[in-house]
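Engineer: I would like the atomic coordinates for the input below:
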Amino acid sequence: MSWLAERTKAQVRAEEETQKTKELPVELVFVVIIFLIRAGYYTSVYLSESRLYIGDMQHHAFILIFLLVALFYLVSSVGLFLRKKFGYYLAWLLLFVDVVFSAGYLLYPLYALVGIPLLLFMIYALIKNENNIKKAGRVDKWVALGLISAVVLYFAFIVYAAVQPTPEEYYQMVSKEAREKGDWRICDRLSGGRKDNCIKDFAVAKKDAELCGEVKNSNTRYNCYIYIASALKNRSVCDMIKNDREKKFCYGFV
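Structural biologist: Residues are numbered from 1 along each chain as shown. Here you go, the predicted structure:
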């Protein structure tokens, strides 16, 4: 009889696995789609924000949270699609965070009309389909370990970024080093407007009007000539300015 009982248990397990390999329930398909949309949204937010602060490590450390959240939504949606435990539990975690921040919906009536019913439906979908999720296996453990590692690395990056100089502080450091060593080429470590300002600082400090010509930005280059002409009381420096109106304005400082 024992072998019969074991066979019956095996048949039950086989039936359970067969049941779980059927088509994904419509409710879970809906949750997967919503999670994929959110993953795409948070990724786009990160990309748009990162373009605004190129080289600003502190800002990147802050906005990197959007990419991490996008990763969580993506992993959860894949897990739900495959009916894995990691996807199911991660979905609950994300919905819990959604519930915590759902008070923000109250500030926007339109969002409340859409967001709250959507949240409630996703909670209902997870509760209803708990039995459609496969038992935890080795893949679930590895995914959980990977997500925990991602979170740890994120906070480690925040700590690292916190001790790094800001772009403005780095510009000041490079500009000072260039002036102290008498080598304006050190400014090449910078880029864009900060590089121009570094060259201007060097030229003004050394009273080298010729060097102002290396400044790309016209306004910064103009200010470079103005400062040197004023310091030297030399109208010939103003003659190096191509714009006639700005040249006349420069004469007024000498």
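Engineer: Can you give me the pLDDT of K20?
Structural biologist: You'll see K20 listed with a pLDDT of 49.
Engineer: again with the one 3 residues further on
Structural biologist: With respect to pLDDT, E23 has a value of 77.
Engineer: number of nearby residues for it?
Structural biologist: Neighbourhood size, E23 [other Cβ atoms under 10 Å]: 6. Yep, even glycine has a C-beta here, placed from its N, CA and C like the rest.
Engineer: Ok, K233 next?
Structural biologist: 9.
Engineer: Contact partners for it?
Structural biologist: V254 (Cβ atoms under 8 Å, 6 or more residues apart in numbering).
Engineer: packing partners for the strand or helix carrying G87?
Structural biologist: Take DSSP states H and E as the rule and G87 turns out to sit in helix 85-100. Counting contacts by 3 or more Cβ pairs under 8 Å, 6 or more residues apart in numbering; DSSP states H and E, helix 85-100 packs against helix 26-52, helix 57-81, helix 109-128, helix 138-162.
Engineer: residues of that helix that come out buried?
Structural biologist: Neighbour counts over helix 85-100 (16 or more other Cβ atoms under 10 Å) mark K85, F86, G87, Y88, Y89, L90, A91, L94, L95, D98 as buried.
Engineer: And the last one, how close does it get to A91?
Structural biologist: When you say that, I think you mean D98. Distance, D98 to A91, using Cβ to Cβ, to the nearest Å: 10 Å.
Engineer: swap in the first one?
Structural biologist: In this structure, K85 lies at 10 Å from A91, with Cβ to Cβ as the measure.
Engineer: Quick check: the closest residue to H60 other than its chain neighbours vs K176, distance?
Structural biologist: Once flanking residues are discounted, H60 sits nearest to S50: 6.2 Å by Cβ to Cβ, 6 or more residues apart in numbering. Separation of S50 from K176 (Cβ to Cβ): 28 Å.
Engineer: Likewise for E27?
Structural biologist: 62 Å.
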